[in-house]
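Student: pasted the sequence and its predicted model underneath.
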Amino acid sequence: MWGLLRGLASLPAFWIEEQGIKQQVRDDVLAAPAAPQTCPVSNPPLHRPLKIFIACAEPSGEIHACSLARALQDELRELGAPAPELFGFGGPALAGAGVTLLGNPGARATMDAGEAAKGIGFYSELMERLARCCDEHSLDAFVPIDSPALHVPMASLAKARGVATIHFVAPQYWAWAPWRVGRYKRVMDLALTILPFEPRWYRRHGVTTSHVGHPILDTLGPLKDLPAQDSRTALVILPGSRAGEIEDNLGWMLARVREQLPRLECTEVLICQSSPRHRERIESILQSENVEAQLMVGDLHACLGRARTAFAVSGTVLMEVMHHRIPALVVYRVDHGWKKRAFWLLTSPWFGKPNLVAGEEVFPEFGFVGQGDPEKVGAELVALDADPTRREAVSRGIQRAFSRLGGSGAAKRAARAILHEVAPSESKSENGKSP
(Lines give C-alpha, C1' and ligand atoms only; values in the text may rest on other atoms or scores of the structure.)
Protein backbone atom coordinates (compact mmCIF):
# COMPACT_ATOMS: atom_id res chain seq x y z
CA MET A 1 0.00 0.00 0.00
CA TRP A 2 2.78 2.45 0.91
CA GLY A 3 4.53 1.64 -2.39
CA LEU A 4 1.34 2.50 -4.29
CA LEU A 5 0.95 5.79 -2.42
CA ARG A 6 4.60 6.71 -3.08
CA GLY A 7 4.07 5.94 -6.76
CA LEU A 8 0.96 8.16 -6.95
CA ALA A 9 2.84 10.99 -5.23
CA SER A 10 5.58 10.73 -7.85
CA LEU A 11 3.24 11.07 -10.85
CA PRO A 12 3.16 14.90 -11.05
CA ALA A 13 6.96 15.17 -11.16
CA PHE A 14 7.12 12.33 -13.68
CA TRP A 15 4.59 14.13 -15.91
CA ILE A 16 6.72 17.29 -15.90
CA GLU A 17 10.00 15.47 -16.57
CA GLU A 18 8.59 12.81 -18.94
CA GLN A 19 10.29 13.89 -22.18
CA GLY A 20 13.71 14.25 -20.57
CA ILE A 21 13.36 10.83 -18.93
CA LYS A 22 12.40 9.22 -22.24
CA GLN A 23 15.36 10.83 -24.02
CA GLN A 24 17.77 9.57 -21.35
CA VAL A 25 16.46 6.01 -21.71
CA ARG A 26 16.69 6.25 -25.49
CA ASP A 27 20.30 7.46 -25.22
CA ASP A 28 21.11 4.52 -22.95
CA VAL A 29 19.51 1.97 -25.29
CA LEU A 30 21.36 3.33 -28.33
CA ALA A 31 24.76 3.66 -26.60
CA ALA A 32 27.58 1.14 -26.96
CA PRO A 33 26.57 -2.11 -25.21
CA ALA A 34 28.13 -3.06 -21.89
CA ALA A 35 30.22 -6.25 -21.90
CA PRO A 36 29.43 -8.91 -19.27
CA GLN A 37 31.93 -8.90 -16.40
CA THR A 38 33.36 -11.73 -14.31
CA CYS A 39 34.15 -10.85 -10.69
CA PRO A 40 37.28 -12.17 -8.95
CA VAL A 41 36.71 -14.49 -5.96
CA SER A 42 39.20 -15.32 -3.18
CA ASN A 43 40.29 -18.96 -2.93
CA PRO A 44 38.52 -20.31 -0.93
CA PRO A 45 36.00 -17.59 0.03
CA LEU A 46 34.97 -19.33 3.27
CA HIS A 47 35.88 -22.31 5.44
CA ARG A 48 32.23 -22.87 6.39
CA PRO A 49 29.18 -23.46 4.19
CA LEU A 50 27.66 -20.30 2.78
CA LYS A 51 23.96 -19.94 3.55
CA ILE A 52 22.08 -18.43 0.63
CA PHE A 53 18.36 -17.94 0.03
CA ILE A 54 17.28 -18.09 -3.64
CA ALA A 55 13.74 -16.89 -4.42
CA CYS A 56 11.74 -17.16 -7.64
CA ALA A 57 8.09 -16.39 -8.25
CA GLU A 58 7.23 -17.81 -11.69
CA PRO A 59 8.36 -20.52 -14.15
CA SER A 60 10.77 -18.38 -16.18
CA GLY A 61 12.43 -17.18 -12.98
CA GLU A 62 12.70 -20.75 -11.70
CA ILE A 63 14.69 -21.77 -14.79
CA HIS A 64 17.27 -19.07 -14.00
CA ALA A 65 17.16 -19.90 -10.27
CA CYS A 66 18.05 -23.53 -11.00
CA SER A 67 20.95 -22.46 -13.22
CA LEU A 68 22.18 -20.12 -10.50
CA ALA A 69 21.94 -22.75 -7.74
CA ARG A 70 24.00 -25.19 -9.76
CA ALA A 71 26.50 -22.50 -10.73
CA LEU A 72 27.02 -21.56 -7.06
CA GLN A 73 27.61 -25.19 -6.16
CA ASP A 74 30.05 -25.64 -9.07
CA GLU A 75 32.00 -22.46 -8.29
CA LEU A 76 32.42 -23.32 -4.61
CA ARG A 77 33.46 -26.86 -5.43
CA GLU A 78 36.11 -25.58 -7.87
CA LEU A 79 37.37 -23.20 -5.17
CA GLY A 80 37.70 -26.04 -2.66
CA ALA A 81 35.08 -24.49 -0.38
CA PRO A 82 32.33 -26.36 1.46
CA ALA A 83 29.06 -26.94 -0.40
CA PRO A 84 26.57 -24.12 0.26
CA GLU A 85 23.37 -24.50 2.23
CA LEU A 86 20.66 -23.27 -0.14
CA PHE A 87 17.16 -22.31 0.96
CA GLY A 88 14.49 -20.82 -1.23
CA PHE A 89 11.08 -20.18 -2.68
CA GLY A 90 10.22 -22.04 -5.86
CA GLY A 91 8.86 -25.25 -7.35
CA PRO A 92 9.99 -28.86 -7.80
CA ALA A 93 12.71 -27.96 -10.32
CA LEU A 94 14.44 -25.73 -7.77
CA ALA A 95 14.24 -28.48 -5.17
CA GLY A 96 15.87 -30.77 -7.72
CA ALA A 97 18.74 -28.28 -7.99
CA GLY A 98 19.59 -28.80 -4.31
CA VAL A 99 17.54 -26.03 -2.70
CA THR A 100 15.52 -26.59 0.48
CA LEU A 101 12.12 -25.09 -0.32
CA LEU A 102 10.16 -23.04 2.20
CA GLY A 103 7.29 -22.07 -0.11
CA ASN A 104 6.24 -21.63 -3.74
CA PRO A 105 5.11 -18.14 -4.82
CA GLY A 106 4.63 -19.50 -8.34
CA ALA A 107 1.47 -21.22 -7.14
CA ARG A 108 -0.13 -17.77 -7.00
CA ALA A 109 1.79 -16.00 -9.79
CA THR A 110 -0.30 -13.23 -11.36
CA MET A 111 0.04 -9.88 -13.10
CA ASP A 112 -3.36 -8.63 -11.95
CA ALA A 113 -3.29 -6.37 -8.89
CA GLY A 114 -6.80 -7.42 -7.86
CA GLU A 115 -5.93 -11.11 -7.87
CA ALA A 116 -2.70 -10.42 -6.00
CA ALA A 117 -4.67 -8.60 -3.31
CA LYS A 118 -6.71 -11.77 -2.68
CA GLY A 119 -3.48 -13.58 -1.78
CA ILE A 120 -2.27 -11.14 0.90
CA GLY A 121 -2.40 -13.86 3.57
CA PHE A 122 -0.43 -16.25 1.36
CA TYR A 123 2.32 -13.70 0.71
CA SER A 124 2.41 -12.59 4.35
CA GLU A 125 3.13 -16.19 5.33
CA LEU A 126 6.02 -16.29 2.83
CA MET A 127 7.46 -13.14 4.39
CA GLU A 128 7.25 -14.74 7.84
CA ARG A 129 9.03 -17.86 6.61
CA LEU A 130 11.80 -15.75 5.09
CA ALA A 131 12.18 -13.81 8.36
CA ARG A 132 12.47 -17.03 10.36
CA CYS A 133 15.05 -18.40 7.92
CA CYS A 134 17.13 -15.21 8.19
CA ASP A 135 17.05 -15.36 11.98
CA GLU A 136 17.51 -19.10 12.51
CA HIS A 137 20.19 -19.74 9.87
CA SER A 138 22.13 -16.43 9.84
CA LEU A 139 21.88 -16.15 6.07
CA ASP A 140 24.80 -14.72 4.11
CA ALA A 141 22.70 -13.57 1.14
CA PHE A 142 19.16 -13.22 -0.13
CA VAL A 143 19.15 -13.64 -3.92
CA PRO A 144 15.76 -13.13 -5.59
CA ILE A 145 15.26 -13.74 -9.32
CA ASP A 146 13.30 -11.06 -11.24
CA SER A 147 9.69 -10.35 -9.97
CA PRO A 148 10.45 -7.06 -8.15
CA ALA A 149 6.87 -6.53 -6.89
CA LEU A 150 7.34 -9.47 -4.53
CA HIS A 151 11.09 -9.50 -4.10
CA VAL A 152 11.80 -5.86 -3.24
CA PRO A 153 9.69 -6.08 -0.02
CA MET A 154 11.39 -9.39 0.77
CA ALA A 155 14.81 -7.82 0.23
CA SER A 156 13.87 -5.00 2.58
CA LEU A 157 13.04 -7.57 5.26
CA ALA A 158 16.30 -9.48 4.71
CA LYS A 159 18.45 -6.34 4.64
CA ALA A 160 16.96 -5.18 7.95
CA ARG A 161 18.32 -8.43 9.42
CA GLY A 162 21.84 -7.81 8.15
CA VAL A 163 21.62 -10.13 5.14
CA ALA A 164 23.29 -9.13 1.85
CA THR A 165 20.67 -8.54 -0.87
CA ILE A 166 21.59 -9.35 -4.48
CA HIS A 167 18.99 -9.23 -7.24
CA PHE A 168 19.49 -11.46 -10.30
CA VAL A 169 17.65 -9.90 -13.30
CA ALA A 170 17.39 -6.22 -12.39
CA PRO A 171 13.88 -4.76 -12.89
CA GLN A 172 12.79 -2.92 -16.01
CA TYR A 173 12.35 0.35 -14.11
CA TRP A 174 13.89 2.11 -17.10
CA ALA A 175 10.72 1.17 -19.04
CA TRP A 176 7.92 1.65 -16.52
CA ALA A 177 7.64 4.23 -13.72
CA PRO A 178 11.35 4.87 -13.06
CA TRP A 179 10.72 6.58 -9.71
CA ARG A 180 10.60 3.07 -8.18
CA VAL A 181 14.39 2.86 -8.43
CA GLY A 182 14.73 4.97 -5.26
CA ARG A 183 13.47 2.27 -2.93
CA TYR A 184 15.27 -0.38 -4.94
CA LYS A 185 18.59 1.39 -4.38
CA ARG A 186 17.96 1.41 -0.63
CA VAL A 187 17.14 -2.29 -0.27
CA MET A 188 19.44 -3.97 -2.83
CA ASP A 189 23.18 -4.16 -2.21
CA LEU A 190 23.85 -5.35 -5.75
CA ALA A 191 21.79 -5.58 -8.95
CA LEU A 192 22.82 -8.15 -11.57
CA THR A 193 21.87 -6.66 -14.94
CA ILE A 194 21.13 -8.73 -18.05
CA LEU A 195 20.53 -6.22 -20.89
CA PRO A 196 23.50 -4.33 -22.38
CA PHE A 197 22.17 -0.80 -21.69
CA GLU A 198 21.06 -1.39 -18.09
CA PRO A 199 24.39 -0.77 -16.29
CA ARG A 200 24.49 2.76 -17.70
CA TRP A 201 20.92 3.52 -16.62
CA TYR A 202 21.29 2.04 -13.13
CA ARG A 203 24.68 3.70 -12.58
CA ARG A 204 23.10 7.08 -13.29
CA HIS A 205 20.54 6.32 -10.58
CA GLY A 206 23.15 5.33 -7.99
CA VAL A 207 22.54 1.56 -8.00
CA THR A 208 25.56 -0.75 -7.67
CA THR A 209 25.52 -3.29 -10.51
CA SER A 210 27.41 -6.16 -12.02
CA HIS A 211 26.56 -6.89 -15.64
CA VAL A 212 26.26 -10.66 -16.14
CA GLY A 213 24.50 -10.91 -19.53
CA HIS A 214 21.21 -12.56 -20.42
CA PRO A 215 20.62 -15.91 -18.65
CA ILE A 216 18.38 -17.22 -21.43
CA LEU A 217 21.49 -17.68 -23.57
CA ASP A 218 22.46 -20.52 -21.21
CA THR A 219 19.21 -22.40 -21.89
CA LEU A 220 18.62 -21.97 -25.63
CA GLY A 221 18.37 -25.30 -27.43
CA PRO A 222 20.52 -26.26 -30.45
CA LEU A 223 19.09 -25.46 -33.89
CA LYS A 224 21.02 -28.02 -35.94
CA ASP A 225 18.27 -30.69 -35.88
CA LEU A 226 15.43 -28.35 -36.85
CA PRO A 227 13.99 -27.96 -40.37
CA ALA A 228 15.49 -25.28 -42.59
CA GLN A 229 13.63 -22.00 -42.28
CA ASP A 230 12.40 -22.03 -45.88
CA SER A 231 10.68 -25.38 -45.24
CA ARG A 232 8.71 -24.22 -42.20
CA THR A 233 5.00 -23.63 -42.77
CA ALA A 234 3.42 -22.55 -39.47
CA LEU A 235 2.25 -19.25 -38.10
CA VAL A 236 2.96 -19.60 -34.36
CA ILE A 237 0.82 -17.60 -31.94
CA LEU A 238 2.38 -16.89 -28.53
CA PRO A 239 -0.39 -15.27 -26.44
CA GLY A 240 1.47 -15.08 -23.12
CA SER A 241 1.54 -17.49 -20.19
CA ARG A 242 -0.74 -15.70 -17.72
CA ALA A 243 -4.51 -15.77 -17.67
CA GLY A 244 -4.87 -11.99 -18.00
CA GLU A 245 -2.53 -11.82 -20.99
CA ILE A 246 -4.37 -14.61 -22.76
CA GLU A 247 -7.79 -13.06 -22.11
CA ASP A 248 -6.62 -9.66 -23.35
CA ASN A 249 -4.70 -10.81 -26.40
CA LEU A 250 -5.56 -14.22 -27.83
CA GLY A 251 -9.06 -13.50 -29.17
CA TRP A 252 -7.88 -10.25 -30.74
CA MET A 253 -4.87 -11.99 -32.31
CA LEU A 254 -6.99 -14.82 -33.71
CA ALA A 255 -9.35 -12.30 -35.29
CA ARG A 256 -6.42 -10.76 -37.17
CA VAL A 257 -5.24 -14.20 -38.28
CA ARG A 258 -8.72 -15.14 -39.50
CA GLU A 259 -8.87 -11.91 -41.55
CA GLN A 260 -5.40 -12.28 -43.09
CA LEU A 261 -4.93 -16.04 -43.43
CA PRO A 262 -5.72 -16.14 -47.20
CA ARG A 263 -2.87 -13.66 -47.79
CA LEU A 264 -0.27 -15.45 -45.65
CA GLU A 265 2.41 -17.87 -46.84
CA CYS A 266 1.82 -19.96 -43.70
CA THR A 267 -0.43 -22.98 -44.17
CA GLU A 268 -1.04 -23.95 -40.52
CA VAL A 269 -1.60 -22.11 -37.24
CA LEU A 270 -0.08 -23.24 -33.91
CA ILE A 271 -0.65 -21.84 -30.41
CA CYS A 272 2.24 -22.48 -28.01
CA GLN A 273 2.00 -22.83 -24.23
CA SER A 274 4.62 -24.03 -21.76
CA SER A 275 2.05 -25.74 -19.48
CA PRO A 276 -1.51 -27.11 -19.81
CA ARG A 277 -3.04 -24.93 -17.08
CA HIS A 278 -4.78 -22.59 -19.58
CA ARG A 279 -5.90 -25.29 -22.03
CA GLU A 280 -9.64 -24.89 -21.40
CA ARG A 281 -9.43 -21.10 -21.60
CA ILE A 282 -7.55 -21.22 -24.91
CA GLU A 283 -9.83 -23.84 -26.43
CA SER A 284 -12.87 -21.76 -25.48
CA ILE A 285 -11.39 -18.67 -27.17
CA LEU A 286 -10.51 -20.72 -30.26
CA GLN A 287 -14.07 -21.94 -30.53
CA SER A 288 -15.53 -18.45 -30.16
CA GLU A 289 -13.18 -17.00 -32.83
CA ASN A 290 -13.73 -19.92 -35.23
CA VAL A 291 -10.07 -20.29 -36.21
CA GLU A 292 -8.60 -23.69 -37.01
CA ALA A 293 -5.42 -23.95 -34.93
CA GLN A 294 -3.47 -26.59 -33.03
CA LEU A 295 -2.58 -26.04 -29.37
CA MET A 296 0.93 -27.30 -28.57
CA VAL A 297 1.86 -27.62 -24.90
CA GLY A 298 5.27 -28.12 -23.33
CA ASP A 299 7.98 -28.18 -25.99
CA LEU A 300 8.45 -24.58 -27.10
CA HIS A 301 11.63 -25.48 -28.97
CA ALA A 302 9.80 -28.01 -31.17
CA CYS A 303 6.89 -25.63 -31.72
CA LEU A 304 9.15 -22.81 -32.86
CA GLY A 305 11.01 -25.27 -35.04
CA ARG A 306 7.89 -25.43 -37.23
CA ALA A 307 7.42 -21.66 -37.40
CA ARG A 308 7.81 -19.53 -40.48
CA THR A 309 6.44 -16.44 -38.72
CA ALA A 310 5.44 -15.65 -35.11
CA PHE A 311 2.62 -13.49 -33.75
CA ALA A 312 3.54 -12.89 -30.12
CA VAL A 313 2.64 -11.04 -26.95
CA SER A 314 5.69 -9.19 -25.64
CA GLY A 315 7.71 -11.16 -23.09
CA THR A 316 10.84 -13.21 -22.51
CA VAL A 317 9.63 -15.71 -25.14
CA LEU A 318 10.71 -13.21 -27.80
CA MET A 319 14.32 -14.10 -27.02
CA GLU A 320 13.52 -17.72 -27.95
CA VAL A 321 11.80 -16.52 -31.12
CA MET A 322 14.88 -14.47 -31.98
CA HIS A 323 17.14 -17.47 -31.31
CA HIS A 324 15.15 -19.46 -33.88
CA ARG A 325 15.61 -16.59 -36.37
CA ILE A 326 11.84 -16.26 -36.83
CA PRO A 327 10.36 -12.93 -38.02
CA ALA A 328 7.78 -11.87 -35.43
CA LEU A 329 5.03 -9.32 -34.99
CA VAL A 330 4.77 -8.21 -31.35
CA VAL A 331 1.65 -6.92 -29.62
CA TYR A 332 0.73 -6.01 -26.09
CA ARG A 333 -2.98 -5.32 -25.80
CA VAL A 334 -4.61 -4.28 -22.52
CA ASP A 335 -8.36 -4.56 -22.14
CA HIS A 336 -9.01 -4.82 -18.40
CA GLY A 337 -7.62 -3.90 -14.98
CA TRP A 338 -5.32 -1.11 -13.85
CA LYS A 339 -2.98 -1.47 -16.86
CA LYS A 340 -5.56 0.25 -19.06
CA ARG A 341 -4.23 3.47 -17.50
CA ALA A 342 -0.53 2.57 -17.56
CA PHE A 343 0.65 2.84 -21.18
CA TRP A 344 1.47 6.52 -20.86
CA LEU A 345 4.06 5.55 -18.21
CA LEU A 346 6.21 3.73 -20.80
CA THR A 347 9.58 5.51 -21.00
CA SER A 348 11.58 3.20 -23.30
CA PRO A 349 11.57 3.60 -27.10
CA TRP A 350 10.38 -0.02 -27.52
CA PHE A 351 8.97 -2.68 -25.20
CA GLY A 352 10.06 -5.86 -27.08
CA LYS A 353 13.42 -7.07 -25.74
CA PRO A 354 14.93 -7.94 -29.15
CA ASN A 355 14.30 -4.34 -30.25
CA LEU A 356 15.81 -2.93 -27.07
CA VAL A 357 18.87 -5.15 -27.35
CA ALA A 358 19.39 -4.33 -31.03
CA GLY A 359 18.73 -0.61 -30.54
CA GLU A 360 16.28 -0.65 -33.46
CA GLU A 361 12.84 -2.04 -34.30
CA VAL A 362 13.75 -5.53 -35.47
CA PHE A 363 10.28 -6.95 -34.72
CA PRO A 364 7.41 -4.52 -35.49
CA GLU A 365 5.52 -3.89 -32.26
CA PHE A 366 2.12 -2.49 -31.26
CA GLY A 367 1.09 -1.63 -27.70
CA PHE A 368 -2.44 -0.32 -27.18
CA VAL A 369 -5.61 -0.25 -25.12
CA GLY A 370 -8.83 -1.63 -26.60
CA GLN A 371 -8.97 -2.46 -30.32
CA GLY A 372 -5.91 -0.51 -31.54
CA ASP A 373 -5.53 -0.45 -35.34
CA PRO A 374 -6.52 -3.94 -36.60
CA GLU A 375 -5.98 -3.09 -40.28
CA LYS A 376 -2.44 -1.83 -39.73
CA VAL A 377 -1.51 -4.83 -37.60
CA GLY A 378 -2.96 -7.20 -40.20
CA ALA A 379 -1.04 -5.53 -43.01
CA GLU A 380 2.22 -5.73 -41.00
CA LEU A 381 1.64 -9.43 -40.33
CA VAL A 382 1.20 -10.14 -44.05
CA ALA A 383 4.27 -8.09 -45.01
CA LEU A 384 6.42 -9.79 -42.38
CA ASP A 385 5.30 -13.23 -43.52
CA ALA A 386 5.30 -12.77 -47.30
CA ASP A 387 7.82 -10.05 -48.20
CA PRO A 388 11.38 -11.45 -48.67
CA THR A 389 12.92 -8.00 -48.26
CA ARG A 390 11.24 -7.49 -44.87
CA ARG A 391 12.27 -10.95 -43.72
CA GLU A 392 15.89 -10.34 -44.70
CA ALA A 393 15.90 -7.04 -42.79
CA VAL A 394 14.63 -8.89 -39.70
CA SER A 395 17.41 -11.46 -40.09
CA ARG A 396 20.04 -8.69 -40.09
CA GLY A 397 18.45 -7.09 -37.03
CA ILE A 398 18.52 -10.40 -35.17
CA GLN A 399 22.23 -10.77 -35.90
CA ARG A 400 22.82 -7.27 -34.54
CA ALA A 401 20.88 -8.04 -31.36
CA PHE A 402 22.86 -11.21 -30.64
CA SER A 403 26.13 -9.41 -31.28
CA ARG A 404 25.22 -6.97 -28.47
CA LEU A 405 24.18 -9.57 -25.87
CA GLY A 406 27.68 -10.76 -24.99
CA GLY A 407 27.35 -14.54 -25.14
CA SER A 408 26.36 -17.29 -22.70
CA GLY A 409 27.61 -17.84 -19.14
CA ALA A 410 25.31 -15.46 -17.22
CA ALA A 411 24.61 -17.94 -14.40
CA LYS A 412 28.34 -18.53 -13.82
CA ARG A 413 29.04 -14.78 -13.81
CA ALA A 414 26.10 -14.21 -11.44
CA ALA A 415 27.42 -16.87 -9.06
CA ARG A 416 30.87 -15.26 -9.00
CA ALA A 417 29.34 -11.81 -8.40
CA ILE A 418 27.41 -13.22 -5.43
CA LEU A 419 30.50 -14.91 -3.99
CA HIS A 420 32.52 -11.72 -4.48
CA GLU A 421 29.83 -9.79 -2.56
CA VAL A 422 29.61 -12.16 0.42
CA ALA A 423 33.29 -13.21 0.66
CA PRO A 424 34.77 -12.33 4.07
CA SER A 425 36.74 -9.15 4.51
CA GLU A 426 38.15 -7.17 7.41
CA SER A 427 35.31 -4.66 7.08
CA LYS A 428 32.68 -7.38 7.33
CA SER A 429 34.41 -8.97 10.30
CA GLU A 430 34.54 -5.63 12.09
CA ASN A 431 30.79 -5.25 11.55
CA GLY A 432 30.11 -8.56 13.20
CA LYS A 433 29.82 -10.83 10.15
CA SER A 434 32.15 -13.64 11.13
CA PRO A 435 33.92 -15.59 8.36
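Tutor: Right, received. Where do you want to start?
Student: please, where are all the strands along the stretch 301-435 of the chain?
Tutor: Applying DSSP state E, counting those that start in this stretch to the stretch 301-435 of the chain gives strands spanning 307-313, 328-334, 365-369.
Student: okay, the angle between the last one and strand 328-334?
Tutor: With axes from the mean of the first three to the mean of the last three Cα atoms, to 10 degrees as the criterion, the two stretches strand 365-369 and strand 328-334 enclose an angle of 10 degrees.
Student: residues contacting strand 365-369, please?
Tutor: Residues outside strand 365-369 that contact it (Cβ atoms under 8 Å, 6 or more residues apart in numbering) are 314, 329-335, 340, 343, 346, 350-352, 355, 372-373, 376-377, 380. Yep, even glycine has a C-beta here, placed from its N, CA and C like the rest.
Student: ok, it: who's next to it in the sheet?
Tutor: Strand 365-369 sits in its sheet next to strand 328-334 (parallel), going by DSSP bridges.
Student: so for stretch 329-345, mean pLDDT?
Tutor: For stretch 329-345, mean pLDDT is 72.
Student: which stretches of the stretch 151-300 of the chain have low pLDDT?
Tutor: Within the stretch 151-300 of the chain, the stretches with pLDDT under 70 are 225-229.
Student: about what we covered before: need the buried ones from the contacts of strand 365-369 selected in PyMOL.
Tutor: Per 16 or more other Cβ atoms under 10 Å, the buried members of the contacts of strand 365-369 correspond to this PyMOL selection:
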select buried, resi 314+329+330+331+332+333+334+335+346+350+351+352+355+372+377+380
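Student: so of the contacts of strand 365-369, which ones are in helices?
Tutor: The helices, defined by DSSP state H, take in 355, 376, 377, 380 from the contacts of strand 365-369.
Student: those residues: which two are farthest apart?
Tutor: The span of those, defined through Cβ to Cβ, is set by 355 and 376 at 17.5 Å.
Student: given the host helix or strand of residue 236, what are its sheet partners and their directions?
Tutor: Using DSSP states H and E, residue 236 maps to strand 234-238. Strand partners for strand 234-238, identified by DSSP bridges, are recorded as strand 268-273 (parallel), strand 307-313 (parallel).
Student: contacting residues around it?
Tutor: So strand 234-238 is contacted by 250, 253-254, 257, 264, 266-272, 293, 303-304, 306-313, 315, 317, 321, 326, 385 (Cβ under 8 Å, 6+ apart).
Student: what are the ranges of the helices in the stretch 1-150 of the chain?
Tutor: 2-30, 59-78, 92-96, 113-118, 120-137, 148-160 (DSSP state H, counting those that start in this stretch).
Student: of all those, which one is nearest residue 211?
Tutor: Comparing those by Cβ to Cβ, helix 2-30 comes nearest, at 12.9 Å.
Student: mean confidence score for that closest one?
Tutor: The model assigns helix 2-30 a mean pLDDT of 66.
Student: need the winner for burial among the strands paired with strand 234-238.
Tutor: strand 307-313 (a mean of 25; mean count of other Cβ atoms under 10 Å).
Student: mean confidence for it?
Tutor: Here the average pLDDT along strand 307-313 is 97.
Student: give me the residues contacting that strand.
Tutor: For strand 307-313, the external contacting residues (Cβ under 8 Å, 6+ apart) are 229, 232-240, 245, 249, 253, 256-257, 264-266, 270, 304, 318, 321, 324, 326-333, 381, 384-385.
Student: make it 6 Å
Tutor: 232, 234-240, 245, 249, 253, 266, 321, 326-330, 385 (Cβ atoms under 6 Å, 6 or more residues apart in numbering).
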